[in-house]
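Q: Quick one: sequence and predicted model below, then my questions.
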Amino acid sequence: MPDPAARQQEPTAKPEPETTPEAPSSVSSGALDDAAPETLRRESHQEDDIAPEPPEHASGRPLLTAVPEPEPERESDAESRSSSASEPEPKPLPDDIFVPERPKRELLTLDKPEPPARPATTGRDEMMPREEDTLDIAGSPRSSLRDAGLDVPKMHQLVRRGEDAVWTFGVRASSALTWWLEIRQVAEATGWMPVLLGPPEDWRDGGEAIVHEGDDELARSAGIDAAELLHDKAAEAGEPARGVPILPRRGDSDFATPQRDVLLGLIETDAGWKIPARFPWAGSTNWELYGAEHAAILRRWHRLYEVELVAMTYDVLELYVPHPPDAEAALGVAHEAYAYCPDLLDSGVPTLEDLAEHMIRSKAWYFRWT
């Protein structure tokens, strides 16, 4: 439904009929609301095995188009319009807004992606599904997502450790966060948690450079006191640089991983903080943090700030923080972040105060071990 504020004003009677209203220019549909976007249907087949970008949200406003110049009014038409000008216009209907029942938390604000271009016709009936797209590989989460109202492309198994597996499909940079958000919204119903895994070339060896071998890291994480661990790592890291913050503030959805085409992984678990332990992450072994240590620290931050794991790539973890710490707690949390990843202050963040300022202003926490 077009925005009533942008609706073309009806012309009224004028003594000089040759004057015509200007046609409005096209406007973009804007950004998504803070509430989660409505579940979108997508084509399940792409020849390059990259997920289609989702179409516009049902509540988005359509583009306005120019209207043709009206014919000059006759005097009788002007009188008729004048007599009906006093009739009240119908009130516009409110936009439909989808607010998920679970998880009950503030969600990301994402830019609406452009609608995908229609593929070239092949001469066959494009409305008929291809046989290979209607079949699900055994164990794939695709059928569970379909039952929850999400159509995703055909997946493949990327990594397997015992009975656990990582299933993936490719996503474009413009729609990566939208895919992550929609799958996260239905995770309680499907049992599958999403995580962005970085570019496909990083996983060509089956993840051997990213996921290391180990015992039951998840069980080991249960015996780790995260606060004590961070205290010990802070002493090992030494005193951080201090000073007045000078860095610009980052926005809420300023994530680095989805700035290019990546793999989106799905892991069967009931909490995202368990993922680095279920598939022991090797990105910070130079700081002697392994899967169990990551799970313990992320579990602590999840309890305090509802932290969610968004990305786990070769050497980067990115977290979505619905409820960042307040100014009073920010410096203490910055100390924890520095103990967790001292490389932050060695690769771009000049002082602990800069880090604290960022952690109370942004909902995107970025960690990279070099």
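A: Yep, that arrived.

Q: rest of the way, CA atoms for contacts and neighbours
A: Fine.

Q: V310 belongs to a strand, doesn't it?
A: Yes: the assignment for V310 by DSSP: H, G, I helix; E, B strand; the rest coil puts it in a strand.

Q: ok, now which ones touch it?
A: By C-alpha atoms under 8 Å, 6 or more residues apart in numbering, the residues touching V310 are W180, P194, V195, L196, L317, E318, L319, Y320.

Q: My read is that I183 contacts G191, right?
A: No: with contacts counted by C-alpha atoms under 8 Å, I183 stays clear of G191, the gap being 10.2 Å.

Q: out of the two, which sits in the busier spot?
A: Neighbours were counted for I183 and for G191 using other C-alpha atoms under 10 Å; I183 has more, 22 against 17.

Q: For that one, give me the pLDDT.
A: We note a pLDDT of 96 for I183 in this prediction.

Q: what residues are up against it?
A: Residues in contact with I183 (C-alpha under 8 Å, 6+ apart) are L145, L150, W192, M193, P194.

Q: Helix or strand for it, just tell me which one.
A: Assigned by DSSP states H and E, I183 belongs to helix 176-185.

Q: Skip ahead from that helix and say which helix or strand is next.
A: Scanning forward in sequence from helix 176-185 by DSSP H and E, the next helix or strand is helix 187-190.

Q: What are the buried residues along that following helix?
A: A187, T190 (16 or more other C-alpha atoms under 10 Å).

Q: again, but for stretch 263-281
A: 263-269, 271-281.

Q: same check, this time on stretch 205-222
A: Residues G207, I210, V211, E217, L218, S221 are the ones in stretch 205-222 that count as buried (16+ other C-alpha under 10 Å).

Q: who touches the second one in this structure?
A: Which is I210. Contacts of I210 by C-alpha under 8 Å, 6+ apart are W203, W281, A282, G283, T313, Y314, D315.

Q: Span of stretch 236-245 from start to end?
A: 24 Å (C-alpha to C-alpha, to the nearest Å).

Q: which residues are in contact with that stretch?
A: By C-alpha under 8 Å, 6+ apart, the residues outside stretch 236-245 that reach it are Y338, A339, P342, L345, P350, T351, L352, E353, D354, E357.

Q: let's go with 10 Å and repeat that
A: With C-alpha atoms under 10 Å, 6 or more residues apart in numbering as the test, stretch 236-245 has contacts from 230-231, 234, 287, 335, 338-343, 345-346, 349-358.

Q: Show me which of these are buried.
A: Among these, the ones that count as buried by 16+ other C-alpha under 10 Å are 230, 234, 287, 335, 338-343, 345, 349-358.

Q: count of neighbours near R242?
A: Neighbours of R242 under the rule other C-alpha under 10 Å: 11.

Q: Please give the element, helix or strand, for it.
A: R242 is part of no helix or strand when elements are defined by DSSP H and E.
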